[in-house]
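Participant: I'd like to go over a predicted model; first the sequence, then the structure.
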Amino acid sequence: MTELLITGARLIGGDAGDLLIRDGVFVDPASAGSDVERIDADGLIALPGLVDTHCHLREPGREDAETIESGTRAAARGGYTAVLAMANVNPVTDTAEAVEHMKAVAAETASAAVHPVGAVTKGLAGEELAELGLMARAGVRLFSDDGKCVHDSLVMRRALEYVRAFDGVIAQHAQDPRLAGAGACCHEGEISGRLGLGGWPAVAESVIVARDVQLAEMTGSRYHVCHVSTAESIDVIRWAKARGINVTAEVTPHHLLLTTSAVEGYDPTFKVNPPLRPDEHVEALREALADGTIECVGTDHAPHAAHDKDHAFSDAAFGMLGLEASLAVVMDTMVAEGRLDWAGVAERMAYAPARIAGLTDQGRPLEVGEPANLVLVDPERRRTVDRAASLSKSRNNPYHGRDLPDPVRLTLWAGRTTFRDL
Ligand SMILES: [Zn+2]
């Protein structure tokens, strides 16, 4: 019987207490055996293991950029114990077999729970619904064509109607393909004109969100907005919530911290979809995450091999790494600013994402009888981010050279140590 006793951690940032883990579960600390392994966590904060609603693990198909093994090691280093893996792999996760395959690879190699996201449409083509029911039977609750928008209104309506039967969620990459089509790679405004880059107008996001929340209202279904990036989308989401529409939303760490100005040097590391936005949008996103209009953080971790990213800005692949620095960014943009306390971090990065994704064994309180998914956080330690030190296989790290918190000291997934730095 293996036991681990963690002493003196501030539980969710509150009072200090002890945690005893036995066989993957929190048990009564008073029952610790004499030969128990001990960790002195004085000064550290214990949070539930983080849950990511949105990442790209690239396996199967692009194992040169990331694998389930490397991506979940990066996740564990970031304090995550569960991730939702988007469907835009090759082959696309649009069948129950593809779901089972990803789970089988994860069972062998992963350092965090991997929950495949099912595609909404076959091949992400936006036309014919994928095997939503069969994928649901294989355990999928969240469906998304992420990377592409489900832009056909009738397809969106049918998808929302279909998943209602099993309490599924449609997660939308909100981007009107006519308003922000091929070539759109920079927030449309003064800067896109000055840099000569294709403009991606803010309204291309909010018009889709506005349409979708009305379809969600009509169908009575659950709808989730991926990587919200504009103040106008937030206005629509607030309106929808006030009407009782079942909508949830996520924001990425990079949209909380970085602004359009990062694009000035044409560094393709900062090319992301949706694009980085000006200050006023970033401020609106922080405010919405603080007040709960945006329930959770989703990393949109998007690793790319150098030969896909090292191009002129307009030709490079979209996306940036996110799993390792997500908590650090939330600490600097939200906790240090007094917008979230540690209980708020647990809510936005563990409880809410697990609820949205329908996970029952993640995002749980640190209490006796609960699965031991845990991250020990050092609230003081900082570092200069070095992209070479990443556990991801890719190096498209937008925080390279930046001073950020370096909080994660220990991650336990169901009692198993998946990252340790103490
Ligand atoms: Zn997306």
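Facilitator: Sure thing, it's come through.
Participant: Now do the closest residue to the ion within the stretch 51-200 of the chain: how many residues are near it, please.
Facilitator: Closest residue of the stretch 51-200 of the chain to the ion, C-beta to the ion: H173 (3.7 Å). C-beta: built from backbone N, CA, C; applies to glycine. Applying other C-beta atoms under 10 Å, we find 24 residues neighbouring H173.
Participant: Quick check: closest non-adjacent residue to it.
Facilitator: D146 (4.6 Å; C-beta to C-beta, 6 or more residues apart in numbering).
Participant: now do C185
Facilitator: Distances taken as C-beta to C-beta, 6+ apart put G198 closest to C185, at 5.2 Å, once the chain neighbours are dropped.
Participant: cool, and V408?
Facilitator: Once flanking residues are discounted, V408 sits nearest to G79: 4.6 Å by C-beta to C-beta, 6+ apart.
Participant: Now for the residue nearest to C185, how many residues are close by?
Facilitator: Neighbours of G198 (other C-beta under 10 Å): 17.
Participant: who are the neighbours in contact with it?
Facilitator: Residues counted as contacts of G198 (C-beta atoms under 8 Å, 6 or more residues apart in numbering) are G183, A184, C185, C186, S192, S314.
Participant: Which single one of the residues you listed is nearest to R22?
Facilitator: Nearest to R22 out of the contacts of G198 is C185 (C-beta to C-beta; 51.3 Å).
Participant: Name the helix or strand for the closest one, please.
Facilitator: strand 184-187 (DSSP states H and E).
Participant: A107 too?
Facilitator: Element membership for A107, per DSSP H and E: helix 96-109.
Participant: thinking again about what came up before, look up the pLDDT of the residue nearest to V408 for me, please.
Facilitator: G79 carries a pLDDT value of 98.
Participant: residues in contact with the spatially closest residue to Y266 that is not a sequence neighbour?
Facilitator: Sequence neighbours aside, F313 is the residue nearest to Y266 in space, at 4.5 Å (criterion: C-beta to C-beta, 6+ apart). Counting by C-beta under 8 Å, 6+ apart, F313 makes contact with C185, C186, L197, V263, Y266, D267, P268, K271.
Participant: go again using 6 Å as the cut-off
Facilitator: By C-beta atoms under 6 Å, 6 or more residues apart in numbering, F313 lies in contact with Y266, P268, K271.
Participant: What's the separation between the one residue sitting closest to the centre of the chain and H56?
Facilitator: The chain has G298 as the residue nearest its centroid, 2.3 Å off, counting by C-alpha atoms, centre = their mean. Going from G298 to H56 by C-beta to C-beta, to the nearest Å gives 11 Å.
Participant: residues near G358, how many?
Facilitator: Neighbours of G358 (other C-beta under 10 Å): 16.
Participant: how about the nearest residue to it, chain neighbours excluded?
Facilitator: Closest to G358 by C-beta to C-beta, 6+ apart is R141, at 3.7 Å.
Participant: So what does the one you found look like in phi/psi?
Facilitator: phi -120, psi -20 (degrees, to the nearest 10).
Participant: Same check on the one 4 residues further on?
Facilitator: Backbone torsions for D145, taken as degrees, to the nearest 10, come to phi -90, psi 20.
Participant: and it, what does it touch?
Facilitator: Contact analysis of D145 by C-beta under 6 Å, 6+ apart lists A119, V120, T121, L124.
Participant: dump the residue contacts of the last one.
Facilitator: Same thing as L124. Shown in contact with L124 (C-beta under 6 Å, 6+ apart): V92, D145, K148.
Participant: got the buried residues for stretch 221-241?
Facilitator: With burial defined by 16 or more other C-beta atoms under 10 Å, the residues of stretch 221-241 counted as buried are 221-237, 240-241.
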